[in-house]
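In: Build the 3D model from these lines:
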Amino acid sequence: MPYDLKELAAISGQGGLFRLLKPARHGVLVESLDAKAVRSLAPASNKVSLLSEIGIYTQDSDETAPLTEVFENIYQKYGTSLAVTSKSSEAELRDFLAEVLPNYDRERVYTSDIKKLVTWYGIVSQHIPYEAASTEAEAPAEAQEPA
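Out: Residues are numbered from 1 along each chain as shown. Next up, the predicted model:
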């Protein structure tokens with residue numbers, strides 16, 4: 001996957017994104033993804049959502065597009081600099097998401113969700129290196145599966 005989101009999380013009640021470092025007795029030790037890289041304890045009472053488990057609703061009723069796939073589409077179209085910000089108008093944000101994920105569910109995906117997506121992509125693109133998907137590594141794995 002292009003951006004490795006396995007160790008990144010959003011924590012309820014706290015702005016920004018965090019890298020999970022290790023579990024602690026009363027929560028999880030995290031490090032903020034910003035210039036300061038402050039380490040803190042996220043209490044067990046806060047909801048910690050891993051970015052690798054978050055998806056965007058699509059028009060297929062039971063399907064969601066994983067955030068890694070959406071980030072890949074954004075990177076392919078815009079690179080690391082986006083044409084919109086979290087302060088852009090609702091129409092601009094919805095047009096942006098329609099460009100990168102044409103089949104997103106317009107009724108279940110709210111403008112606030114798109115604002116989070118834009119903000120998170122900005123943070124991830126600044127602090128996490130992009131790794132191009134390697135087709136050579138995937139090909140041998142697929143060859144072994146049919147057995």
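In: Please make it C-alpha for all contacts and neighbour counts, starting now.
Out: Fine.
In: Now tell me what touches the lengthiest helix in the chain from outside.
Out: Using DSSP state H to assign secondary structure, the helix with the most residues in the chain is helix 111-127. The contact list for helix 111-127, computed with C-alpha atoms under 8 Å, 6 or more residues apart in numbering, reads 3, 16-17, 33-34, 71, 80-82, 84-87, 90, 93-94, 97.
In: Pull out the buried residues from the residues you listed.
Out: For these, a burial check counting by 16 or more other C-alpha atoms under 10 Å picks out 3, 16-17, 33, 71, 80, 85-86, 93-94, 97.
In: Please identify which pair of those lies farthest apart.
Out: With C-alpha to C-alpha as the measure, no two of the buried ones among the contacts of helix 111-127 lie farther apart than Leu33 and Arg94, at 26.2 Å.
In: tally of neighbours for the nearest residue to Lys77 once chain neighbours are set aside?
Out: Using C-alpha to C-alpha, 6 or more residues apart in numbering and skipping the chain neighbours, the partner closest in space to Lys77 is Val100 (7.4 Å). When counting by other C-alpha atoms under 10 Å, one arrives at 19 neighbours for Val100.
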